[in-house]
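Colleague: One predicted model, sequence on top.
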Amino acid sequence: MVPMETLKRWFQKKGEEAPATVASGGPVNLRRLMPYGDRMNDGAMQLSFTLPIDCTPEAREAAKVYVEKLGFHEVHVATAEPMGMGFSFFVVFARAKHAIDFTKVKAPKAEFEPMDFDRVNQFAQEKIKRRLVVVGATTGSDAHTVGLDAIMNLKGYAGDPGLERYSCFQAINLRSQVDNRELVEKAVEHKADVVLVSKLVTQRGQHLQDLKDLLPLLKENKKLNHPLIRIVGGPRMTHAAAVKLGYDAGFGPGTTPSEVASFIVQEYYKKMK
Ligand code: B12
(Lines give C-alpha, C1' and ligand atoms only; values in the text may rest on other atoms or scores of the structure.)
Protein backbone atom coordinates (compact mmCIF):
# COMPACT_ATOMS: atom_id res chain seq x y z
CA MET A 1 0.00 0.00 0.00
CA VAL A 2 1.18 3.54 -0.76
CA PRO A 3 0.72 5.86 2.25
CA MET A 4 -1.56 8.85 1.64
CA GLU A 5 1.34 11.32 2.02
CA THR A 6 3.34 9.56 -0.70
CA LEU A 7 0.32 9.60 -2.96
CA LYS A 8 -0.22 13.32 -2.37
CA ARG A 9 3.45 14.01 -3.17
CA TRP A 10 3.10 11.93 -6.35
CA PHE A 11 0.18 14.08 -7.53
CA GLN A 12 2.00 17.26 -6.43
CA LYS A 13 5.03 16.31 -8.54
CA LYS A 14 2.69 16.07 -11.52
CA GLY A 15 1.36 19.53 -10.64
CA GLU A 16 -2.08 18.13 -9.72
CA GLU A 17 -4.08 17.86 -6.52
CA ALA A 18 -4.95 14.40 -5.20
CA PRO A 19 -8.60 13.89 -6.22
CA ALA A 20 -11.10 14.07 -3.38
CA THR A 21 -12.38 10.54 -4.08
CA VAL A 22 -8.92 9.13 -3.55
CA ALA A 23 -8.29 11.28 -0.49
CA SER A 24 -11.55 10.16 1.10
CA GLY A 25 -11.19 6.57 -0.07
CA GLY A 26 -7.95 5.92 1.81
CA PRO A 27 -4.52 4.87 0.54
CA VAL A 28 -4.21 3.51 -2.97
CA ASN A 29 -2.03 0.60 -3.96
CA LEU A 30 -0.58 1.87 -7.24
CA ARG A 31 0.85 -1.58 -7.95
CA ARG A 32 -2.63 -3.09 -7.87
CA LEU A 33 -4.79 -0.39 -9.42
CA MET A 34 -8.42 -1.12 -10.15
CA PRO A 35 -11.64 0.86 -10.75
CA TYR A 36 -13.26 2.72 -7.88
CA GLY A 37 -17.04 2.90 -7.32
CA ASP A 38 -18.26 3.03 -3.74
CA ARG A 39 -15.23 1.61 -1.95
CA MET A 40 -11.53 1.36 -2.71
CA ASN A 41 -10.71 -1.66 -4.90
CA ASP A 42 -14.37 -2.64 -5.44
CA GLY A 43 -13.71 -2.80 -9.20
CA ALA A 44 -17.05 -1.11 -9.97
CA MET A 45 -17.45 -0.10 -13.61
CA GLN A 46 -20.14 1.24 -15.91
CA LEU A 47 -20.30 -0.18 -19.42
CA SER A 48 -22.50 0.81 -22.35
CA PHE A 49 -23.06 -1.09 -25.59
CA THR A 50 -25.59 -2.09 -28.23
CA LEU A 51 -26.83 -5.55 -29.18
CA PRO A 52 -28.42 -6.16 -32.59
CA ILE A 53 -31.67 -7.62 -31.14
CA ASP A 54 -35.08 -6.20 -30.18
CA CYS A 55 -35.38 -4.84 -26.64
CA THR A 56 -37.13 -7.73 -24.83
CA PRO A 57 -36.61 -9.25 -21.35
CA GLU A 58 -34.42 -11.85 -23.11
CA ALA A 59 -32.30 -9.02 -24.54
CA ARG A 60 -31.79 -7.60 -21.03
CA GLU A 61 -30.73 -11.08 -19.82
CA ALA A 62 -28.45 -11.48 -22.87
CA ALA A 63 -26.66 -8.23 -21.94
CA LYS A 64 -26.08 -9.58 -18.40
CA VAL A 65 -24.83 -12.96 -19.65
CA TYR A 66 -22.52 -11.26 -22.13
CA VAL A 67 -20.92 -9.02 -19.50
CA GLU A 68 -20.49 -12.00 -17.15
CA LYS A 69 -18.76 -13.83 -19.99
CA LEU A 70 -16.28 -10.94 -20.19
CA GLY A 71 -15.20 -11.84 -16.64
CA PHE A 72 -17.22 -9.28 -14.65
CA HIS A 73 -19.25 -10.22 -11.58
CA GLU A 74 -22.22 -8.68 -9.69
CA VAL A 75 -23.61 -7.62 -13.08
CA HIS A 76 -26.63 -5.29 -13.02
CA VAL A 77 -28.33 -4.04 -16.19
CA ALA A 78 -29.26 -0.47 -15.22
CA THR A 79 -30.75 0.57 -18.57
CA ALA A 80 -32.12 -1.38 -21.52
CA GLU A 81 -33.61 0.83 -24.26
CA PRO A 82 -34.85 0.11 -27.79
CA MET A 83 -32.61 1.76 -30.37
CA GLY A 84 -34.62 1.56 -33.56
CA MET A 85 -35.88 -1.68 -35.07
CA GLY A 86 -33.75 -4.70 -34.20
CA PHE A 87 -31.30 -2.91 -31.84
CA SER A 88 -31.09 -2.40 -28.07
CA PHE A 89 -28.85 -0.14 -26.01
CA PHE A 90 -27.64 -1.10 -22.51
CA VAL A 91 -25.98 0.56 -19.55
CA VAL A 92 -24.58 -2.06 -17.19
CA PHE A 93 -22.93 -1.79 -13.76
CA ALA A 94 -20.51 -4.59 -12.91
CA ARG A 95 -17.39 -5.37 -10.91
CA ALA A 96 -14.02 -6.15 -12.48
CA LYS A 97 -11.57 -8.63 -10.97
CA HIS A 98 -8.37 -7.48 -12.58
CA ALA A 99 -5.80 -5.00 -11.27
CA ILE A 100 -2.83 -3.40 -13.04
CA ASP A 101 0.57 -2.11 -11.93
CA PHE A 102 0.24 1.64 -12.52
CA THR A 103 3.94 2.25 -11.81
CA LYS A 104 4.76 0.30 -15.01
CA VAL A 105 2.32 2.19 -17.27
CA LYS A 106 3.98 4.34 -19.96
CA ALA A 107 2.00 6.69 -22.21
CA PRO A 108 3.92 7.54 -25.39
CA LYS A 109 3.50 11.24 -26.19
CA ALA A 110 5.14 13.88 -28.34
CA GLU A 111 8.31 15.14 -26.65
CA PHE A 112 8.39 18.91 -26.21
CA GLU A 113 8.53 21.58 -23.55
CA PRO A 114 5.13 23.31 -23.36
CA MET A 115 5.49 27.03 -24.09
CA ASP A 116 2.88 29.78 -24.23
CA PHE A 117 2.05 32.02 -27.22
CA ASP A 118 4.76 34.63 -26.49
CA ARG A 119 7.49 32.10 -25.73
CA VAL A 120 6.80 30.17 -28.95
CA ASN A 121 7.11 33.37 -31.02
CA GLN A 122 10.26 34.36 -29.14
CA PHE A 123 11.81 30.90 -29.53
CA ALA A 124 11.14 30.97 -33.30
CA GLN A 125 12.46 34.52 -33.67
CA GLU A 126 15.70 33.74 -31.84
CA LYS A 127 16.40 30.25 -33.13
CA ILE A 128 14.66 29.77 -36.48
CA LYS A 129 14.78 33.41 -37.60
CA ARG A 130 12.04 33.13 -40.20
CA ARG A 131 8.32 32.34 -40.46
CA LEU A 132 7.41 28.68 -40.84
CA VAL A 133 4.72 27.82 -43.38
CA VAL A 134 2.10 25.48 -41.93
CA VAL A 135 -0.35 23.80 -44.32
CA GLY A 136 -3.25 21.87 -42.77
CA ALA A 137 -6.17 19.81 -44.07
CA THR A 138 -8.71 17.16 -43.20
CA THR A 139 -8.13 14.53 -45.85
CA GLY A 140 -9.99 11.91 -47.86
CA SER A 141 -13.76 11.76 -47.47
CA ASP A 142 -13.57 13.25 -43.96
CA ALA A 143 -15.71 16.41 -43.70
CA HIS A 144 -14.96 17.25 -40.05
CA THR A 145 -13.23 20.61 -39.80
CA VAL A 146 -13.80 21.67 -36.19
CA GLY A 147 -10.71 19.89 -34.77
CA LEU A 148 -8.34 21.33 -37.37
CA ASP A 149 -9.96 24.78 -37.06
CA ALA A 150 -9.47 24.61 -33.29
CA ILE A 151 -5.73 24.25 -33.83
CA MET A 152 -5.31 26.60 -36.81
CA ASN A 153 -7.95 29.37 -36.68
CA LEU A 154 -7.19 32.77 -35.19
CA LYS A 155 -9.74 32.16 -32.45
CA GLY A 156 -8.07 28.92 -31.34
CA TYR A 157 -9.38 26.57 -28.68
CA ALA A 158 -10.20 26.83 -24.96
CA GLY A 159 -8.91 30.41 -24.83
CA ASP A 160 -5.64 29.43 -26.49
CA PRO A 161 -5.02 31.32 -29.78
CA GLY A 162 -4.69 29.25 -32.96
CA LEU A 163 -1.65 29.04 -35.24
CA GLU A 164 -2.97 31.84 -37.50
CA ARG A 165 -2.43 34.27 -34.61
CA TYR A 166 1.30 33.46 -34.23
CA SER A 167 3.71 35.87 -35.95
CA CYS A 168 6.15 32.96 -36.40
CA PHE A 169 3.76 30.97 -38.62
CA GLN A 170 2.06 31.48 -41.95
CA ALA A 171 -0.90 29.14 -41.43
CA ILE A 172 -2.83 27.90 -44.47
CA ASN A 173 -5.99 25.92 -43.71
CA LEU A 174 -7.17 23.94 -46.75
CA ARG A 175 -10.26 22.79 -44.80
CA SER A 176 -11.92 19.38 -45.36
CA GLN A 177 -12.20 16.55 -47.90
CA VAL A 178 -8.81 17.36 -49.38
CA ASP A 179 -7.36 14.61 -51.53
CA ASN A 180 -3.87 13.44 -50.46
CA ARG A 181 -2.38 14.49 -53.81
CA GLU A 182 -3.98 17.92 -53.62
CA LEU A 183 -2.57 18.39 -50.13
CA VAL A 184 0.93 17.57 -51.40
CA GLU A 185 0.52 19.95 -54.38
CA LYS A 186 -0.56 22.75 -52.04
CA ALA A 187 2.34 21.99 -49.68
CA VAL A 188 4.74 22.34 -52.63
CA GLU A 189 3.02 25.52 -53.90
CA HIS A 190 3.18 27.22 -50.49
CA LYS A 191 6.67 25.87 -49.69
CA ALA A 192 5.36 24.24 -46.52
CA ASP A 193 7.67 23.53 -43.59
CA VAL A 194 4.92 21.75 -41.66
CA VAL A 195 1.99 19.61 -42.81
CA LEU A 196 -0.95 19.10 -40.44
CA VAL A 197 -3.49 16.37 -41.13
CA SER A 198 -6.74 15.95 -39.22
CA LYS A 199 -8.65 12.66 -39.25
CA LEU A 200 -11.93 12.09 -37.43
CA VAL A 201 -13.76 9.37 -39.29
CA THR A 202 -12.17 6.11 -38.16
CA GLN A 203 -14.63 3.57 -39.49
CA ARG A 204 -12.82 0.42 -40.64
CA GLY A 205 -9.47 2.07 -39.99
CA GLN A 206 -10.03 4.62 -42.79
CA HIS A 207 -8.03 7.29 -40.94
CA LEU A 208 -4.98 5.02 -40.79
CA GLN A 209 -5.27 3.98 -44.46
CA ASP A 210 -5.47 7.61 -45.66
CA LEU A 211 -2.45 8.50 -43.55
CA LYS A 212 -0.55 5.45 -44.81
CA ASP A 213 -1.26 6.49 -48.42
CA LEU A 214 -0.16 10.08 -47.80
CA LEU A 215 3.24 9.30 -46.32
CA PRO A 216 5.05 8.09 -49.49
CA LEU A 217 3.63 11.07 -51.40
CA LEU A 218 5.20 13.39 -48.83
CA LYS A 219 8.45 11.46 -48.55
CA GLU A 220 9.07 10.99 -52.27
CA ASN A 221 8.20 14.46 -53.54
CA LYS A 222 11.53 16.16 -54.23
CA LYS A 223 9.90 19.58 -54.55
CA LEU A 224 8.90 19.64 -50.89
CA ASN A 225 10.96 21.47 -48.28
CA HIS A 226 13.30 19.52 -46.01
CA PRO A 227 13.04 19.21 -43.11
CA LEU A 228 9.27 18.82 -43.34
CA ILE A 229 7.44 18.30 -40.07
CA ARG A 230 4.46 15.93 -40.44
CA ILE A 231 1.82 16.04 -37.72
CA VAL A 232 -1.51 14.25 -37.46
CA GLY A 233 -4.41 14.69 -35.08
CA GLY A 234 -7.93 13.63 -34.23
CA PRO A 235 -9.99 12.10 -31.44
CA ARG A 236 -8.82 8.55 -32.18
CA MET A 237 -5.25 9.54 -32.98
CA THR A 238 -2.42 8.62 -30.62
CA HIS A 239 1.21 9.63 -30.74
CA ALA A 240 2.22 5.95 -30.81
CA ALA A 241 0.02 5.24 -33.87
CA ALA A 242 1.30 8.35 -35.68
CA VAL A 243 4.94 7.49 -35.09
CA LYS A 244 4.34 3.87 -36.14
CA LEU A 245 2.94 5.17 -39.44
CA GLY A 246 6.05 7.35 -39.92
CA TYR A 247 4.77 10.79 -38.82
CA ASP A 248 6.62 13.03 -36.39
CA ALA A 249 3.79 13.30 -33.88
CA GLY A 250 0.16 12.51 -33.19
CA PHE A 251 -2.18 14.63 -31.06
CA GLY A 252 -5.49 13.47 -29.60
CA PRO A 253 -8.53 14.96 -27.84
CA GLY A 254 -8.07 18.11 -25.81
CA THR A 255 -4.94 19.23 -27.69
CA THR A 256 -4.38 22.99 -27.52
CA PRO A 257 -2.82 25.10 -30.30
CA SER A 258 0.09 26.19 -28.09
CA GLU A 259 1.04 22.53 -27.56
CA VAL A 260 1.16 22.03 -31.32
CA ALA A 261 3.01 25.35 -31.78
CA SER A 262 5.57 24.39 -29.11
CA PHE A 263 6.14 21.02 -30.75
CA ILE A 264 6.51 22.57 -34.23
CA VAL A 265 9.17 25.13 -33.34
CA GLN A 266 11.17 22.78 -31.10
CA GLU A 267 11.04 19.88 -33.57
CA TYR A 268 11.88 22.12 -36.52
CA TYR A 269 14.85 23.60 -34.63
CA LYS A 270 16.07 20.10 -33.72
CA LYS A 271 15.87 18.93 -37.35
CA MET A 272 17.29 22.21 -38.69
CA LYS A 273 20.44 21.71 -36.58
C1 B12 B 1 -19.61 17.98 -35.49
C2 B12 B 1 -19.65 16.56 -36.03
C3 B12 B 1 -20.01 16.40 -37.37
C4 B12 B 1 -20.31 17.56 -38.29
C5 B12 B 1 -18.96 18.13 -38.77
C6 B12 B 1 -19.05 19.61 -39.04
C7 B12 B 1 -17.70 20.19 -39.28
N8 B12 B 1 -17.66 21.24 -40.05
O9 B12 B 1 -16.66 19.73 -38.79
C10 B12 B 1 -21.14 16.86 -39.43
C11 B12 B 1 -22.60 16.95 -39.09
C12 B12 B 1 -20.91 17.38 -40.82
C13 B12 B 1 -20.68 15.41 -39.25
C14 B12 B 1 -20.84 14.46 -40.23
C15 B12 B 1 -20.53 13.13 -40.07
N16 B12 B 1 -20.12 12.53 -38.95
CO17 B12 B 1 -19.58 13.50 -37.37
N18 B12 B 1 -19.30 14.22 -35.68
C19 B12 B 1 -19.30 15.44 -35.21
C20 B12 B 1 -19.04 15.40 -33.69
C21 B12 B 1 -20.41 15.57 -33.00
C22 B12 B 1 -18.12 16.47 -33.12
C23 B12 B 1 -16.74 16.55 -33.76
C24 B12 B 1 -16.09 17.81 -33.30
O25 B12 B 1 -16.28 18.86 -33.91
N26 B12 B 1 -15.35 17.79 -32.16
C27 B12 B 1 -14.79 18.97 -31.53
C28 B12 B 1 -13.29 19.10 -31.84
C29 B12 B 1 -12.72 20.36 -31.20
O30 B12 B 1 -12.66 17.98 -31.28
P31 B12 B 1 -11.68 17.04 -32.15
O32 B12 B 1 -12.15 16.93 -33.52
O33 B12 B 1 -11.41 15.82 -31.39
O34 B12 B 1 -10.33 17.91 -32.23
C35 B12 B 1 -9.41 18.01 -31.17
C36 B12 B 1 -8.35 16.92 -31.16
O37 B12 B 1 -8.76 15.68 -31.66
C38 B12 B 1 -7.19 17.51 -31.93
N39 B12 B 1 -7.16 17.48 -33.37
C40 B12 B 1 -8.09 17.22 -34.29
N41 B12 B 1 -7.58 17.32 -35.52
C42 B12 B 1 -6.30 17.65 -35.40
C43 B12 B 1 -5.30 17.85 -36.35
C44 B12 B 1 -4.01 18.18 -35.92
C45 B12 B 1 -2.94 18.39 -36.93
C46 B12 B 1 -3.73 18.28 -34.55
C47 B12 B 1 -2.37 18.62 -34.10
C48 B12 B 1 -4.72 18.07 -33.58
C49 B12 B 1 -5.99 17.76 -34.02
O50 B12 B 1 -7.25 18.87 -31.53
C51 B12 B 1 -8.61 19.29 -31.42
C52 B12 B 1 -8.72 20.27 -30.29
O53 B12 B 1 -8.36 19.67 -29.09
C54 B12 B 1 -18.45 13.97 -33.49
C55 B12 B 1 -18.75 13.31 -32.14
C56 B12 B 1 -17.87 13.83 -31.05
N57 B12 B 1 -18.49 14.24 -29.97
O58 B12 B 1 -16.64 13.87 -31.21
C59 B12 B 1 -19.08 13.21 -34.64
C60 B12 B 1 -18.32 12.02 -35.27
C61 B12 B 1 -16.87 12.39 -35.46
N62 B12 B 1 -18.99 11.90 -36.57
C63 B12 B 1 -19.16 10.67 -36.91
C64 B12 B 1 -19.79 10.24 -38.10
C65 B12 B 1 -20.02 8.76 -38.26
C66 B12 B 1 -20.21 11.16 -39.07
C67 B12 B 1 -20.89 10.82 -40.39
C68 B12 B 1 -20.31 9.61 -41.14
C69 B12 B 1 -22.39 10.65 -40.10
C70 B12 B 1 -23.19 10.21 -41.29
N71 B12 B 1 -23.60 8.95 -41.25
O72 B12 B 1 -23.38 10.98 -42.20
C73 B12 B 1 -20.68 12.13 -41.17
C74 B12 B 1 -19.39 12.04 -41.97
C75 B12 B 1 -19.24 13.14 -42.91
C76 B12 B 1 -17.89 13.05 -43.55
N77 B12 B 1 -17.87 12.84 -44.85
O78 B12 B 1 -16.88 13.12 -42.88
C79 B12 B 1 -18.60 9.71 -35.89
C80 B12 B 1 -17.28 9.08 -36.34
C81 B12 B 1 -17.24 7.63 -35.91
C82 B12 B 1 -16.02 6.94 -36.39
N83 B12 B 1 -15.57 5.99 -35.61
O84 B12 B 1 -15.44 7.23 -37.38
C85 B12 B 1 -18.54 10.59 -34.62
C86 B12 B 1 -17.44 10.20 -33.62
C87 B12 B 1 -19.92 10.50 -33.96
C88 B12 B 1 -20.25 9.09 -33.45
N89 B12 B 1 -20.07 8.82 -32.19
O90 B12 B 1 -20.66 8.26 -34.19
N91 B12 B 1 -20.18 15.20 -38.05
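Modeller: That came in fine, so what should we check first? Residues are numbered from 1 along each chain as shown.

Colleague: And the residue of the stretch 151-273 of the chain that's closest to the ligand?
Modeller: Gly233 (2.2 Å; Cβ to the nearest ligand atom). No exception for glycine: its C-beta is placed from N, CA and C like everyone else's.

Colleague: need the contact list for the nearest residue to that residue once chain neighbours are set aside.
Modeller: In space, and not counting its chain neighbours, Gly233 is closest to Phe251: 4.1 Å by Cβ to Cβ, 6 or more residues apart in numbering. Phe251 is in contact with 110, 231-233, 237, 239, 259-260, counting by Cβ atoms under 8 Å, 6 or more residues apart in numbering.

Colleague: can you check Lys212 too?
Modeller: Contacts of Lys212 by Cβ under 8 Å, 6+ apart are Leu245.

Colleague: Was I right to think the residue of the stretch 151-273 of the chain closest to the ligand contacts Val195?
Modeller: No - the pair Gly233 and Val195 fails to qualify as a contact (Cβ atoms under 8 Å) at a distance of 11.6 Å.

Colleague: Please identify the residues of the stretch 151-273 of the chain in proximity to the ligand?
Modeller: Proximity of the stretch 151-273 of the chain to the ligand (Cβ under 6 Å from any ligand atom) is limited to residues 151, 157, 196-198, 200-203, 231-235, 251-255, 260.

Colleague: If burial is judged by neighbour count, which of those pass?
Modeller: 151, 157, 196-198, 200-201, 231-234, 251-252, 255, 260 (16 or more other Cβ atoms under 10 Å).

Colleague: So which of those belong to strands?
Modeller: Using DSSP state E, the members of those that fall within strands are 196-198, 231-233, 251.

Colleague: where do the helices sit along the stretch 101-250 of the chain?
Modeller: Secondary structure of the stretch 101-250 of the chain (DSSP state H, counting those that start in this stretch): helices at 117-123, 146-152, 180-189, 206-220, 239-245.
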